[in-house]
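1. predicted model and sequence follow; I will ask about them next.
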Amino acid sequence: MLSPLEIEALSLSLKVSLWAVAWSLIPGIAIAWLLARREFPGKALLDGLVHLPLVLPPVALGYVLLVLFGRNGPLGAWLHDWFGVNLVFSWRGAALAAAVMAFPLLVRAIRLSMEAVDQRLETAARTLGARPVRVFLTITLPLTSPGILTGVLLAFIRCLGEFGATITFAANVPGETRTLPLALYSALQVPGGEAAGTRLAIISVVLAILALVASQYLAKQVARRIGLA
Amino acid sequence: MLELDLTTNIGGFKISAAFQVESGIAALFGPSGAGKTTLINMLAGLQRPDRGRIAIDDTVLFDSAHGIDLAPEQRRLGYVFQESRLFPHMTVAGNLYYGRRLIPKNIASVDFDTVVDLLALSPLLDRRPKTLSGGERQRVAIGRALLAAPRLLLMDEPLANLDAPRRAEILPFIENLRREFDLSIVYVSHNMDEIVRLADQLVVMTDGAVVAQGPVDEITARLDLRSLTGRWDAGAVLSTTVAEQDDRDALTRLSFQGGELWLPRLDLAIGTPLRLRVRARDVSLALTPPRDISVLNVFAGEVVEVGEDDGPQVDVLIDIGSPLWARITKRSQRELGIAPGRKVHAMIKAMAVDRNGLS
């Protein structure tokens, strides 16, 4: 039903998006917690920085990543020298670009959900003998799980559609960084590629709708499980 | 024994309180805004006082002079909040086990089944907090606090969010606590009926300061505290024991220091100690021993004190072997010549004793 090239682009998209979300989850929860529960100097700056990818042109962001993480960039050189990792022209680079673009959505959903957790429950847990870390793991985190789930799925869908930052930073390498949107773009660059493009567009739409439906279903299930709905 | 001596200033509101609780239930009483909740939050380690000391037996929880300030989880004080604060993502059993799992190894744990039986929680164990009634929630919250093996139980108006029938449903459980466990309780409330029924000791707070402390019947009999202990709720507390059951008339005889009192039948064994509250407005006075009247309980006594009041009524403190309050009109006071030293007969209507005031 799907051509080998389509399968390649689809599975690459899934792989890139899954890794992007997996890498950003722990930092996302940590930053959401900082923004939801802590007061510190520079909080507004951090808040702004996290939201920057929402307002920056993706191509500009991809270029910033290239400057930082390119082979000669300060972080890129360090990654190459110490870990032998190259991000440019690699699916890891595509995942990084997607992760950065999707990060605001992830943090925002988790933060909103965490702010809604009744802090009086956390206080009650402490009077029952739980240290702050245990309170976080047994009370705050479980009660934030609907927000974490929403954030993860929103970020995942955002990653599936990422184009500008990916093509600028990780380039358009078939089988390595050519995800669905990049494959669609490439198809449309070729004369007579409209049919292939249409098929890829349909695959993208179906995938996004599936993810959206799944997210709503799961969010309901989780809310019921933790006794909130 | 709990010893507490704290001073703090929260945005201009000064709290300065010192009191001791030997054992049993100590009620912290005062109008809203008196600083009661702030005080027990400081006791629990949820708010930090500026200066002072808190100790339970030999354990110092807080001592500003020596830089001691245990975190809430190290204090091991059970805290029952006004709004139960059950964890919504856990079942009742999960809530009950939460603190129990965290008891330090060298501390004896409390038997799970004993607590579950005492609070009648076994039918609720698999339920979620949101499916429970308000009264059931508070019972679970009490059980959860107990199962963490606390040094002391703090209860902050645990019945304030419940309607009268629910309160009546929970009060016996709280009474049983102190019988079953050798546990001191600090009970915050502004409901005098609850306090009279539960507490041994009363600490009265207003405007951030402790103005009186002592046994409940002594404090409630003090005229200078009437504005705090309440005008409409004014009444005396009698400590009685069940002396006789009259099956024919369905009455119960209670004996106390001032004599004996007949009440509609109470299902209690002979010898049971019982504290009850007789409201001032349910007591009337006569100069001669009344005869041929339907009131069963008449006591001879002497007027001790007459309260000053702006209204048409005055409260009169009578000594009948125990202190008793009567509320009469100023006209009656004048016509009967009620003044300290006057011999009077006080009449209490048997039906007038509020069952909610009984323990």
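-> Alright, I've got the coordinates.
2. run the chain-centre distance for the worst-scoring helix or strand of chain A on mean pLDDT.
-> Scoring the helices and strands of chain A by mean pLDDT, DSSP states H and E places helix A:74-83 at the bottom, with a mean of 85. Distance of helix A:74-83 from the chain centroid (C-alpha atoms, centre = their mean, to the nearest Å) equals 23 Å.
3. quick one: which helix or strand includes A:Pro41?
-> Per DSSP states H and E, A:Pro41 falls between elements, in no helix or strand.
4. again, but for the one 5 residues further on
-> Taking DSSP H and E as the definition, A:Leu46 sits inside helix A:43-55.
5. how about B:Leu238?
-> In this assignment (DSSP H and E), B:Leu238 forms part of strand B:235-246.
6. what pairs with the helix or strand following that strand, parallel or antiparallel?
-> Proceeding N to C from strand B:235-246, the next assigned helix or strand is strand B:251-256, under DSSP H and E. If you go by DSSP bridges, strand B:251-256 pairs up with strand B:235-246 (antiparallel), strand B:259-264 (antiparallel).
7. turn these into CSV, columns for mean pLDDT.
-> Below are the strands paired with strand B:251-256 laid out as CSV (pLDDT from 0 to 100):
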stretch, mean pLDDT
strand B:235-246, 83
strand B:259-264, 85
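8. rewinding a little: other SSEs contacting the helix holding A:Leu46?
-> Packing partners of helix A:43-55 (3 or more C-beta pairs under 8 Å, 6 or more residues apart in numbering or on different chains; DSSP states H and E): helix A:4-37, helix A:91-115. Quick note: C-beta positions are derived from backbone N, CA and C, even for glycine.
9. so after it, what's the next helix or strand?
-> Heading C-terminal from helix A:43-55 (DSSP H and E), you reach helix A:58-69.
10. show me what that next one is packed against.
-> When contacts are defined as 3+ C-beta pairs under 8 Å, 6+ apart, helix A:58-69 packs onto helix A:74-83, helix A:91-115, helix A:164-169.
11. which outside residues touch the shortest one?
-> Just to be clear, that refers to helix A:164-169. Contact with helix A:164-169 is made by A:57-59, A:61-63, A:65-66, A:69, A:87-88, A:93-94, A:96-98, A:100-101, A:177, A:179, A:181-182, A:185, as judged by C-beta atoms under 8 Å, 6 or more residues apart in numbering or on different chains.
12. and B:Asp58, how far from chain A?
-> Separation of B:Asp58 from chain A (C-beta to the nearest C-beta, to the nearest Å) stands at 20 Å.
13. against B:Arg151, how distant is that residue?
-> For B:Asp58, the distance to B:Arg151 (C-beta to C-beta, to the nearest Å) stands at 11 Å.
14. these two: who's more crowded?
-> B:Arg151 (16 against 6; other C-beta atoms under 10 Å in any protein chain shown).
15. wait, that one sits on B:Gln74?
-> No: in this structure, B:Arg151 is not within contact of B:Gln74 by C-beta atoms under 8 Å, at 10.9 Å.
16. among the helices and strands packed on helix A:43-55, which comes closest to B:Val304?
-> B:Val304 sits nearest to helix A:4-37 of all these, at 58.2 Å, using C-beta to C-beta.
17. quick one: the least confident helix or strand of chain A to helix A:91-115, angle?
-> Inter-element angle recorded for helix A:74-83 and helix A:91-115: 110 degrees (by axes from the mean of the first three to the mean of the last three C-alpha atoms, to 10 degrees).
18. who's in contact with helix A:74-83?
-> A:Leu68, A:Phe69, A:Gly70, A:Arg71, A:Val85, A:Asn86, A:Leu87, A:Val88.
19. and of those residues, the nearest to B:Phe81?
-> Once C-beta to C-beta is applied, the member of these that ends up nearest B:Phe81 is A:Leu68, at 49.5 Å.
20. once you drop chain neighbours, what's closest to the closest one?
-> A:Leu75 (4.9 Å; C-beta to C-beta, 6 or more residues apart in numbering or on different chains).
21. kindly report the same for B:Phe173.
-> B:Phe173 sits nearest to B:Leu119 (C-beta to C-beta, 6+ apart), 5.5 Å away.
22. B:Glu194 now?
-> Once flanking residues are discounted, B:Glu194 sits nearest to B:Leu159: 6.4 Å by C-beta to C-beta, 6+ apart.
23. ok, the one you found - contacts?
-> Each residue near B:Leu159 by C-beta under 8 Å, 6+ apart is listed here: B:Gln138, B:Arg166, B:Arg167, B:Ile170, B:Leu171, B:Ser189, B:Asn191, B:Glu194.
24. is it possible to get CSV of those residues that adds secondary structure?
-> Shown next, in CSV, are these (DSSP: H, G, I helix; E, B strand; the rest coil):
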residue, secondary structure
B:Gln138, helix
B:Arg166, helix
B:Arg167, helix
B:Ile170, helix
B:Leu171, helix
B:Ser189, strand
B:Asn191, coil
B:Glu194, helix
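25. sounds good, over and out.
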